[in-house]
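> Sharing a model prediction with you, sequence too.
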Amino acid sequence: MQQGRVFKIVIAYDNLAAAVRAKEIAERVAGGLESEWDIWPFELLKGGYVSEYAANTAVQSNMLIIATGGQDDLPDWIKDWIEGWVPQKAFTPSVLVGVLDDEARTWNEPPPAYDYLSQAAKRGRMDFFCNLGPWWEQDQHETVPRQLEPDLAWMQNTVPEYSDRRGWGIND
């Protein structure tokens, strides 16, 4: 990472156990990087100034972690909060991480929270990772490629074609 750049992490959680799991994952990922953290309980994201402020930090973050403890699906207000910043994430390289605690019910198919978060990541052109399920490797949740590099197709006509002739014409 460039000097002076800070790895920004936002965590939204529904209970203390979920917050601890999310923080442990973020600490491992951030490692020795200079990082800034914002940690928000779901209850504060129901609306109002705090929710708006948290959404603004989410837009600027490099990693967003949504951590739940045993819920089948995310509360509607959390989905509303996520929908408020997801469209703006397409312009900031980042990753969305689902830390879900639903082990007893995920052996056959992903829980609704997984499906929602993976689709939100696609809409926001973010990479997506989740801690659950043996099905995740079989699931075809693709990341959407970004156009980070300029389109170099215009160079096709300017690059000389390869010639199998020996020498370059100088001192042949």
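Good, I have the coordinates.
> what residue ranges in this protein score low on pLDDT?
1-4, 70-71, 102-108, 133-172 (pLDDT under 70).
> Could you rerun that using 90?
Where the chain drops to pLDDT under 90, the residues are 1-6, 25, 28-35, 47, 69-73, 89-93, 100-115, 129-172.
> what's the longest helix along it in contact with?
Secondary structure of the chain per DSSP state H: the longest helix is helix 16-30. Here helix 16-30 makes contact (Cβ atoms under 8 Å, 6 or more residues apart in numbering) with 7, 9, 11, 13, 37, 39, 41, 63, 65, 67-69, 97, 99, 101, 131. C-beta coordinates here come from the backbone N, C-alpha and C atoms, glycine included.
> can you rerun that using 10 Å?
7-13, 35-37, 39-42, 62-63, 65-71, 95, 97-101, 129, 131 (Cβ atoms under 10 Å, 6 or more residues apart in numbering).
> What about these, which are in strands?
Applying DSSP state E to those, the entries found in strands are 7-13, 35-37, 39-41, 63, 65-67, 95, 97-99, 129.
> Just the buried ones out of the residues you listed, please.
Buried subset of the ones in strands among the contacts of helix 16-30 (neighbour count, 16 or more other Cβ atoms under 10 Å): 7-13, 35, 37, 39-40, 63, 65-67, 95, 97-99, 129.
> quick one, what contacts the nearest residue to N15 once chain neighbours are set aside?
When the adjacent residues along the chain are set aside, N15 lies closest to G69, with 4.4 Å between them (Cβ to Cβ, 6 or more residues apart in numbering). Residues counted as contacts of G69 (Cβ under 10 Å, 6+ apart) are 13-21, 99-102.
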